[in-house]
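> Provide a 3D model corresponding to the input given below.
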Amino acid sequence: MVVVTLQRNKCIGCNYCVELAPNQFQMSKKDGKSVLLHSQDKKGFFTIKSNDEFIFEDCDKAAKACPVKIISVKSI
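Model (predicted):
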């Protein structure tokens, strides 16, 4: 299982996550910040849990490219 978490309120809208993992992230037209698709919000932490191991690599690249380090990816 892959767990991806985004601290959306700290997003600066650089768009790297969307470029590297377009199936998991998109940019909001309202505020220009990243949106983790199909995620659950818990106190500003948006999280998805997926059985699709194929998303790990793209999300991991997005997490490493994020200049403000607000994306975490774990395989459990």
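> Centre of this protein to the edge, which residue is at the far end?
Most distant residue from the mean C-alpha position of the chain: residue 30, 17.4 Å away (Cα atoms, centre = their mean).
> same for the helix or strand harbouring residue 17, what does it pack against?
Here residue 17, judged by DSSP states H and E, is contained in helix 16-20. Counting contacts by 3 or more Cβ pairs under 8 Å, 6 or more residues apart in numbering; DSSP states H and E, helix 16-20 is packed against strand 25-27, helix 55-65. C-betas here are computed from N, CA, C, even on glycine.
> any idea which helix or strand comes after the longest one?
Moving toward the C-terminus from helix 55-65, the next helix or strand (DSSP H and E) is strand 71-75.
> how far does that following strand sit from the chain's center?
9 Å (Cα atoms, centre = their mean, to the nearest Å).
> For that strand, which strands pair with it and how are they oriented?
Here strand 71-75 is paired, per DSSP bridges, with strand 2-7 (antiparallel).
> contacting residues around the partner strand?
Outside strand 2-7, the residues that touch it by Cβ atoms under 8 Å, 6 or more residues apart in numbering are 17, 24-25, 34, 36, 39, 44-53, 55-56, 59, 70-76.
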